[in-house]
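Engineer: Sequence first, then the predicted structure, then my questions.
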Amino acid sequence: MKFNNITKIKELISRSDKILITTHTNPDGDAIGSSLALFHFLKKLDKEVYLLVPNLYPEFISWLPGNENIIVYERDRKQSKQALENVETVFCLDYNAIHRSGILQDVLRNAEASMIMIDHHPDPATEEFKYVVSTTETSSTSELLYEFFLQIDPAFIPDRDIATCLFVGIMTDTGSFSFACNRPETFSITAKLLETGIDAEWIHRMVYDTFSEDRLRLLGYSLGEKLVVLKDYATAYIALSRKDLDTFHYQVGDTEGIVNYALSIEGITMAILLTERKGRIRLSFRSKGDFSVNEVARDHFKGGGHKNAAGGDSYENLEQTIKKLEGLLPAYKQRLLSKTGQ
């Protein structure tokens, strides 16, 4: 894959003593995995590197090597401010527009540092960044980052820490290689990571087999009591109130993957998980075929993402958000009921 401006990016990295890495709000496995991989890569270049995320992320990815270096903005404003001082370069990983960084967006917009975006989501806001490394071809930002490392250093060979972080990013963003992985290079890169000696089976268990009892019971409750199936629109959704989440002692990441169960129903083209958060309703969209939930999230819920996986927010209450969501379905009915989603 050819990268534009790679020479200028190399020069910028070379003359930058202090570099900041950021990612999107509600960081997932690809966001944290790619960010930590870049952290380790830049440390090898003897850079002063800081990794700042907007808010908390799931426990099942908090074991990744280098995790102790992550600064959570919503939890530690003082340390975040120190990290932001005198930064010369900011990497923006796994998001394609500044507003996707949530509570970090004003800080980033006011920063004097040069910003480099590395991302695989569609429709990037390229004007917001000095340099852009963007494609929708790769399975994940982690896969794209591997190719970026080779552009920076043609002799690049990942160590086990970098390989572990990139593997988690690729694995989680492909649902354990069940989607977004028809590109042969995805498996070639994954093979290179495995050649470092990382234990793929152990990594998979750490990410997917560490459910708490409360998380499993929340899953059962979601499917048994909260699943709504609208066959006339090939749509299913699950709406969890703050009370529902509190009942099962919700921790960040406990709702991860629930929306996929709704999508797995035969005849369902779109599935949505709605969760009540502080001051907003978070919507996680999934779809099959060519039906674009990115479009739905972008046009109606101030969000976006991929064609078949996207997220958005509503600042109305849960009941009003459900009403709005159901009210949108007639306009999409023909495409939802189409076998291709077109």
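Structural biologist: Received it, and whenever you're ready, just let me know what you need. Numbers count the residues shown, from 1 in each chain.
Engineer: and the next element down the chain from the helix or strand in which Glu11 is found?
Structural biologist: Using DSSP states H and E, the secondary-structure element containing Glu11 is helix 6-15. Next along the chain after helix 6-15, taking DSSP H and E as the criterion, comes strand 18-23.
Engineer: helices or strands up against that next one?
Structural biologist: Packing contacts for strand 18-23, counted by 3 or more C-beta pairs under 8 Å, 6 or more residues apart in numbering; DSSP states H and E, involve helix 29-44, strand 48-53, strand 89-93. For glycine as for every other residue, the C-beta is placed from the backbone atoms N, C-alpha and C.
Engineer: buried stuff in the first one?
Structural biologist: So the one you mean is helix 29-44. Neighbour counts over helix 29-44 (16 or more other C-beta atoms under 10 Å) mark 29-42 as buried.
Engineer: now the angle from it to strand 48-53?
Structural biologist: Angle, helix 29-44 to strand 48-53, by axes from the mean of the first three to the mean of the last three C-alpha atoms, to 10 degrees: 170 degrees.
Engineer: and if you look at the last one?
Structural biologist: For the pair strand 89-93 and strand 48-53, the angle between their directions (the same axes, to 10 degrees) equals 40 degrees.
Engineer: what does the helix holding Glu11 rub up against?
Structural biologist: Outside helix 6-15, the residues within contact range by C-beta atoms under 8 Å, 6 or more residues apart in numbering are 3, 19, 42, 45, 47, 88-89, 114, 116, 130-131, 133, 151-152.
Engineer: And for stretch 65-75?
Structural biologist: So stretch 65-75 is contacted by 32, 35-36, 39-40, 50-56, 79-80, 83, 103-104, 107, 160-161, 164-165 (C-beta under 8 Å, 6+ apart).
Engineer: List buried residues within the residues you listed.
Structural biologist: If you count burial by 16+ other C-beta under 10 Å, the buried members of the contacts of stretch 65-75 come out as 32, 35-36, 39-40, 50-55, 80, 83, 104, 107, 161, 164-165.
Engineer: Surely Val229 is in contact with Leu263?
Structural biologist: No - applying C-beta atoms under 8 Å, one finds Val229 not in contact with Leu263, separated by 11.3 Å.
Engineer: Between those two, point out the one with more neighbours.
Structural biologist: Looking at Val229 and Leu263 with other C-beta atoms under 10 Å, you find the greater number of neighbours at Leu263, namely 20 against 15.
Engineer: which element is Ala180 on?
Structural biologist: With DSSP H and E as criterion, Ala180 is part of no helix or strand.
Engineer: Could you check how far it is from Lys323?
Structural biologist: 32 Å (C-beta to C-beta, to the nearest Å).
Engineer: for Ile238, same thing?
Structural biologist: Going from Ile238 to Lys323 by C-beta to C-beta gives 16 Å.
Engineer: out of those two, which sits in the more crowded spot?
Structural biologist: Ile238 (23 against 11).
Engineer: in stretch 193-204, what counts as buried?
Structural biologist: Quick answer for stretch 193-204 (16+ other C-beta under 10 Å): 193, 196, 198, 203.
Engineer: That one: how far from the chain's middle?
Structural biologist: 21 Å (C-alpha atoms, centre = their mean, to the nearest Å).
Engineer: cool, and stretch 56-67?
Structural biologist: Offset of stretch 56-67 from its chain centre (C-alpha atoms, centre = their mean): 14 Å.
Engineer: can you pull the alpha-carbon coordinates of it into PDB?
Structural biologist: Taking Å, rounded to 0.1, in the frame of the first residue of the first chain, the C-alpha atoms of stretch 56-67 are listed here in PDB:
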ATOM      1  CA  LEU A  56     -12.400   4.600  30.400                       C
ATOM      2  CA  TYR A  57     -12.100   1.500  28.300                       C
ATOM      3  CA  PRO A  58     -13.000  -2.200  28.900                       C
ATOM      4  CA  GLU A  59     -11.100  -4.300  31.500                       C
ATOM      5  CA  PHE A  60     -10.700  -7.100  29.000                       C
ATOM      6  CA  ILE A  61      -8.100  -5.000  27.100                       C
ATOM      7  CA  SER A  62      -6.500  -3.300  30.100                       C
ATOM      8  CA  TRP A  63      -3.800  -6.000  30.400                       C
ATOM      9  CA  LEU A  64      -2.100  -5.100  27.100                       C
ATOM     10  CA  PRO A  65       1.600  -4.300  27.400                       C
ATOM     11  CA  GLY A  66       2.100  -0.600  28.200                       C
ATOM     12  CA  ASN A  67      -1.400  -0.200  29.500                       C
END
